[in-house]
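[1] What would the 3D arrangement of this be:
(2 chains)
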Amino acid sequence: MNTFLQLLVNGLGKGAVYALLALGFVIIFKATEVVNFAHGSLVLIGGYLVYELKDALGWAGAAVVGIVAAALSALAIERLLLRNATSADHNSLALLTIGIDVIITEEVVRRVGADIPFIGDPYDSQPIRIGDLTIFRTQAIALVVGAVLITAFLLAFRYSNWGVAMRAQAENREAAALMGIRSSRVTATAWLVAGALAGVAVLFMATQDFSGAGLGRGTHAIALIAFPAAILGGLDSTEGAVVGGLVVGLTEALSAQYISFEFSKSAVFLVMLVVLVIRPSGLFGTKELSRV
Amino acid sequence: MIAARRAGRSALIAGALTSTLVLAACGSTADTAGGTAGAGGVITDVGVTDTTITLGIMGDTSGVFKNLGAGLNAGNQLWADDVNAAGGICGRQIEIEVVDHGYKADVAKTLYPQLEPNVLGMVQLLGSPVLAALEPNLIEDNMLAAPASWSSEVLDNPGIMMIGTTYDLEIINGLAYLQQQGLLADGDTIGHIYIDGEYGGNGLKGSQYYAQQHGLTINEAKVTSTDNDLTGIVTGMRGAGVKVIVLTTTPGQTASALAANQALGLNVPVLGNNPTFDPALLETPAAGALGNLYVSASNAPFSSPNPKAVEVTTRYKEAYPDSPLNAGVTTGYTEGVVWQNVLEAACEAGDLSRAGVKTALTTLTEVDSEGLVDVLDYSSPGAPPTRGVYIAQVDATAEGGLREVAPLFTSPEGESYVAPFQES
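    Residues are numbered from 1 along each chain as shown, chains lettered A, B, ... in the order given. Okay, the predicted model is just below:
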């Protein structure tokens, strides 16, 4: 029972970070219908700046710079590369993001070298023990930060002008434009928010508690695990991203213990497949309706 | 079957060599495949001139083992400097040619053909995956190589000159030490986390043998070298009530397992093979959790009080003031010492060719490195040349991060263990 509870805690903590990442995928997809495969490289940009600047600016200052830089990098990708290709097919744009991802990732990995730095200084490796249960501080803070950010986002999405505009654009881009919604601004904001979420997520990812490894290719690989989270939640559903993230975190933790560690790597994708077979649009995704 | 084929090949090479020698004795001065008579009437072929003997290093100074690799290279060079200062071997100075494969087998495969024509043998070949990739080349080129990896599964190749004992024996002796200290009892459950592949598999063999002798149950967990977070596995092991965790992993994985061991309140002793620890771990967030780690290695730790180790490490600190302090230094020096014994025996036999040094190795029954490793015996094909280990515990205040807690010893279980290719 203790083991089960412990795994539940571990899984939920990881799930919170996956949710932040998955939300980034979903926001961009909702606004532009482009799947952003460069999300992992935004994570690395944020993490790299924290690593480079934390000695000079202190951890908090470096973290803020990292988050802002990840957000601005996302905006730059959208403004400089995708905006000029609006007439291109969405699949082509998704492939374009793969190219961007490879270039940025390789450059960050080259710069970091063999250091593999850890960047969760204020909370990493400081577990909280409650009886037989251990709560990893990194995961606990990730859960709280994740809950706050996700709630704030969902409220903004529902009640703010930007949220209404984005939902309108997601429903029907042409109609929204005719109603005076500036598609360009909505899209830019979506990329900014997604980039910032990636910048926040990396603060928890490159830690001993979360991944057992510092910033590097492993961090990038973790960012991609959030992709099935977004898919199984429903690629155009913000609530789905949150649920998907938690499902992925729990699936990983529980299958590693109760089936096998090796199986846990494919378990996430197996769950995704099962969900897609039963509900092709994901758990909360919008069903495609077409008149015949 | 493989051994028989190789024996056949060796016989063929020996035959070819003999006929070449006969031709040479008939007055030929041609540089033939079997070697030529050089200075002092010694037969030579590749990597040996009248004034120099060139040995190769295929090391790692840019990849995941770059700290260890730098220590090994420096240890090799310190040995060469000592030998050269004392007048060389067989009237020849030792030269070392270094390539850096960054722990990538494909890079090593590309670099090998450039290095091979220049060297007599390898004073250091770092990494199990690199060794596996190059094994056919080593056999084809009749190359003698000292691997900086310690699997007993490679001892079927007579060209492999193992320096010290092997992973399986490290674990057997390490578990015996823990039991002797009262940290483990017959019938207990132990966990063993190991990397899929030759390194991990060989370490696991040690646990399995010891478990069989003492009625232990093993909770096994196989990982790949890229799995960095072992928290889930350690959580499961806590549930299974393990008394000891054994690791045959990368240093990063070691840190994760030890961090989880402490965070989860398990706090059992953890036993690791010699590559599981890197002093750089003391700079990571897991530093505070590493105290439970016992490292079993055939080489003296950097801070060992052994007089020869002290001599080597002192000279290292003078010659390489800003370099990392790790057990690679003494290991590298020992590789050189074994090569020295081989070269001296080959010189005495009048044959410094590649075939000559391989034959010379099998004549060595007592290579003494003054305690850097146990006395080495290369006369039994397929058997590890020694079974003794040092046990060291992580201690941030010790140079190199490890403090010797047990001097060189071999447990009774280590003595009775039969290695995979050992002719019992």
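
[2] Show the residue spans covered by the helices in the stretch 151-292 of chain A.
    Taking DSSP state H, counting those that start in this stretch, the helices of the stretch 151-292 of chain A run over residues A:161-171, A:173-178, A:183-205, A:217-233, A:238-258, A:261-278.

[3] can these go into CSV with extra columns for distance to A:Asn10 and mean pLDDT?
    Just so you know, the C-beta spots here come from the backbone N, C-alpha and C atoms, and that holds for glycine as well. Converted to CSV, the helices of the stretch 151-292 of chain A look like this (distance: least, C-beta to C-beta, whole Å; pLDDT from 0 to 100):
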stretch, distance to A:Asn10, mean pLDDT
helix A:161-171, 33, 82
helix A:173-178, 41, 78
helix A:183-205, 13, 92
helix A:217-233, 14, 90
helix A:238-258, 5, 92
helix A:261-278, 12, 90
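
[4] Distance to B:Gly191 and mean neighbour count added to the ones you listed, as JSON lines?
    Below are those laid out as JSON lines (distance: least, C-beta to C-beta, whole Å; neighbours: other C-beta atoms under 10 Å in any protein chain shown):
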{"stretch": "helix A:161-171", "distance to B:Gly191": "49", "mean neighbour count": "17"}
{"stretch": "helix A:173-178", "distance to B:Gly191": "56", "mean neighbour count": "13"}
{"stretch": "helix A:183-205", "distance to B:Gly191": "26", "mean neighbour count": "25"}
{"stretch": "helix A:217-233", "distance to B:Gly191": "23", "mean neighbour count": "24"}
{"stretch": "helix A:238-258", "distance to B:Gly191": "13", "mean neighbour count": "24"}
{"stretch": "helix A:261-278", "distance to B:Gly191": "12", "mean neighbour count": "16"}
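
[5] Next, format those as CSV and append distance to chain B.
    Listed next are those as CSV, based on distance: least, C-beta to the nearest C-beta, whole Å:
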stretch, distance to chain B
helix A:161-171, 35
helix A:173-178, 41
helix A:183-205, 11
helix A:217-233, 6
helix A:238-258, 4
helix A:261-278, 6
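
[6] right, so of these, which gets closest to A:Val148?
    The minimum distance between A:Val148 and the helices of the stretch 151-292 of chain A falls on helix A:183-205, with 10.3 Å, by C-beta to C-beta.

[7] what angle do that closest one and helix A:217-233 make?
    120 degrees (axes from the mean of the first three to the mean of the last three C-alpha atoms, to 10 degrees).

[8] so what does helix A:183-205 touch, helix or strand wise?
    When contacts are defined as 3 or more C-beta pairs under 8 Å, 6 or more residues apart in numbering or on different chains; DSSP states H and E, helix A:183-205 sits against helix A:2-32, helix A:39-76, helix A:137-159, helix A:161-171, helix A:173-178, helix A:217-233.

[9] May I have the predicted confidence score for the closest residue to chain A within the stretch 1-150 of chain B?
    The stretch 1-150 of chain B approaches chain A most closely through B:Lys66 (5.5 Å), counting by C-beta to the nearest C-beta. Per-residue confidence (pLDDT) for B:Lys66: 83.

[10] any idea how far it is from B:Leu290?
    B:Lys66 is 20 Å from B:Leu290, where distance means C-beta to C-beta, to the nearest Å.

[11] shouldn't the residue of the stretch 1-150 of chain B closest to chain A be in contact with B:Asp60?
    Yes: if you go by C-beta atoms under 8 Å, B:Lys66 and B:Asp60 touch, sitting 5.8 Å apart.

[12] Quick check: neighbours shared by these two?
    B:Gly102 (C-beta atoms under 8 Å, 6 or more residues apart in numbering or on different chains).

[13] who's more crowded, these two?
    Comparing B:Lys66 with B:Asp60 by other C-beta atoms under 10 Å in any protein chain shown, the one with more neighbours is B:Asp60, at 28 against 20.

[14] which residues sit in contact with the more buried one?
    By C-beta under 8 Å, 6+ apart, B:Asp60 lies in contact with B:Lys66, B:Leu68, B:Gly69, B:Asp100, B:His101, B:Gly102, B:Tyr103, B:Leu126, B:Gly127.

[15] can you tell me which of those are in strands?
    Here DSSP state E is the test, and the contacts of B:Asp60 give B:Asp100, B:Leu126 as lying in strands.

[16] about what we covered before: so the residue of the stretch 1-150 of chain B closest to chain A versus B:Ser303, what's the distance?
    On the measure of C-beta to C-beta, B:Lys66 and B:Ser303 end up 21 Å apart.

[17] on that earlier part again, can you flag the weakest of the helices and strands packed on helix A:183-205 by average pLDDT?
    Among the helices and strands packed on helix A:183-205, helix A:173-178 scores lowest, with a mean of 78.

[18] what's in contact with that one?
    Residues outside helix A:173-178 that contact it (C-beta under 8 Å, 6+ apart) are A:Ala165, A:Ala168, A:Gln169, A:Ser183.

[19] Where does pLDDT dip in the stretch 101-250 of chain B?
    Nowhere does the stretch 101-250 of chain B drop to pLDDT under 70.

[20] Up against chain A, what does it have?
    Proximity of the stretch 101-250 of chain B to chain A, by C-beta under 8 Å from any C-beta of the partner chain, involves residues B:221-223, B:226-233, B:235-236, B:238-239.

[21] List only buried entries from those residues.
    B:221-223, B:227-233, B:235-236, B:238-239 (16 or more other C-beta atoms under 10 Å in any protein chain shown).

[22] Need those in CSV (columns: secondary structure).
    Shown next, in CSV, are those (DSSP: H, G, I helix; E, B strand; the rest coil):
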residue, secondary structure
B:Ala221, strand
B:Lys222, strand
B:Val223, strand
B:Asp227, coil
B:Asn228, coil
B:Asp229, coil
B:Leu230, coil
B:Thr231, helix
B:Gly232, helix
B:Ile233, helix
B:Thr235, helix
B:Gly236, helix
B:Arg238, helix
B:Gly239, helix
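
[23] what two of the residues you listed have the greatest distance between them?
    B:Asn228 and B:Gly239, at 21.5 Å, using C-beta to C-beta across these.

[24] before we move on, the earlier item: same list (the contacts of B:Asp60) but as a markdown table, adding distance to B:Ser207.
    Listed next are those as a markdown table, based on distance: C-beta to C-beta, whole Å:
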| residue | distance to B:Ser207 |
| --- | --- |
| B:Lys66 | 29 |
| B:Leu68 | 24 |
| B:Gly69 | 28 |
| B:Asp100 | 34 |
| B:His101 | 30 |
| B:Gly102 | 31 |
| B:Tyr103 | 25 |
| B:Leu126 | 25 |
| B:Gly127 | 23 |
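
[25] Right, I'll leave it there.
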